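Enquirer: Here is my input; please provide its structure:
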Amino acid sequence: MALGNLAQRALVAVVAVPVLLLLLHYHRPEPWWAVVFLATLIAMGEFFGMTLPAEDRLPAIVMGAIAAASFYWLDASSLAYSSSKLLAAGVAAGTTITVFFTVIAPGLYYLFRFRDIPSVATRYAATVAGIVYTGLLPTFLAMLKRIDPNQVGDTVLIVLLVAWVADTGAYFAGRFLGKAKLYPAVSPKKTWAGAWGGLAGSVLGVAVLKLLFADWLTWPDVFLIAIPGGILGQLGDLAESLIKRSVGVKDSGTLLPGHGGILDRIDAVLFIGPYVYGYLVVRFLLAK
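Expert: Alright, predicted model coming up:
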């Protein structure tokens, strides 16, 4: 990695990390959701920029934005913030609304604006996949803030540490410990040593969080979150690499110097977030 690229990445981290920590530590979840939602819109734009013709991108983003917002705001846990009967009715219909704008609305859009019929199946599939992949999956990162027992962002930090400390572990392990390729057809630079180093980094990141801040985590939690989460994160990285390779691009975007696009930065998080959310919801329910 060139020094200039390293410097760019460091600058992005220096600017972004304090802002993220401040939002995570804030006792209400709404500001964090707003940041996640903005990142979701950008990631959808990047995904649809790779997979859809220009005329279909904005409608796909609008449908995806509505689906993502419904998925968050009409989730059952939002009842904790209101006793409104209107909200309760909305939550009851939340799954239907999310599914409508994820699957049915794109189908109706292409039914009445199909243009080139032979390409409809590909465009429809790309729209639905993009809404789920870059709309619903990132929303779990916002939902994690809402279930944080101390409302200081620990539940979200778990996901970020599993993903980003793994990057560091994978980089140094791959650089110094071995060159055997992991999956050269999809990502030629990734190695088995890097994969093991990344997994070790995931465990280390969650373990440090437990020791310093999240004392509600148990040691079984550390390993049951970090190991499956670390594996899912690396698979998420490979999945996005496969998508980019299939459409012939190197980066999903250019928004973050040294990192590529938003989607390049959150590809691992997209696969880790739903797992950690599901694990913690079950864990908290069993602890009651």
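Enquirer: Going by C-alpha atoms from here, please, whenever you check contacts or count neighbours.
Expert: Fine.
Enquirer: what residues are up against residue 128?
Expert: Residue 128 makes contacts with 102-103, 106, as judged by Cα atoms under 8 Å, 6 or more residues apart in numbering.
Enquirer: what's the closest of the residues you listed to residue 24?
Expert: Lowest distance from residue 24 to the contacts of residue 128 (Cα to Cα) belongs to residue 102, with 28.1 Å.
Enquirer: Return the residues in contact with the closest one.
Expert: 63-64, 67, 128, 131-132.
Enquirer: so what does the helix ranked longest in the chain touch, helix or strand wise?
Expert: In the chain, taking DSSP state H as the definition, the longest helix is helix 219-247. Using 3 or more Cα pairs under 8 Å, 6 or more residues apart in numbering; DSSP states H and E as the contact test, the elements touching helix 219-247 are helix 30-51, helix 154-176, strand 187-191, helix 192-212, helix 262-287.
Enquirer: at 6 Å what do you get?
Expert: Here helix 219-247 touches helix 192-212, helix 262-287, going by 3 or more Cα pairs under 6 Å, 6 or more residues apart in numbering; DSSP states H and E.
Enquirer: Distance from it to the middle of the chain?
Expert: The chain centroid and the centroid of helix 219-247 are separated by 11 Å, computed with Cα atoms, centre = their mean, to the nearest Å.
Enquirer: Stretch 18-26 too?
Expert: 17 Å.
Enquirer: now what about it, what contacts it?
Expert: Here stretch 18-26 makes contact (Cα atoms under 6 Å, 6 or more residues apart in numbering) with 32, 152-153.
Enquirer: Report how many residues lie close to residue 113.
Expert: 12 (other Cα atoms under 10 Å).
Enquirer: ditto for residue 118
Expert: Going by other Cα under 10 Å, the residues that sit close to residue 118 add up to 9.
Enquirer: Ok, residue 265 next?
Expert: 17.
Enquirer: likewise residue 250?
Expert: For residue 250, the neighbour count with other Cα under 10 Å is 11.
Enquirer: Distance check, it against residue 243.
Expert: According to Cα to Cα, to the nearest Å, residue 250 stands 10 Å off from residue 243.
Enquirer: what's the closest of the contacts of residue 102 to residue 279?
Expert: Among the contacts of residue 102, and counting by Cα to Cα, the member closest to residue 279 is residue 132, at 20.0 Å.
Enquirer: how about the nearest residue to the closest one, chain neighbours excluded?
Expert: residue 102 (7.1 Å; Cα to Cα, 6 or more residues apart in numbering).
Enquirer: my read is that neighbour is in a helix, agree?
Expert: Yes. Secondary structure of residue 102 (DSSP: H, G, I helix; E, B strand; the rest coil): part of a helix.
Enquirer: pLDDT score for it?
Expert: Listed pLDDT for residue 102 reads 98.
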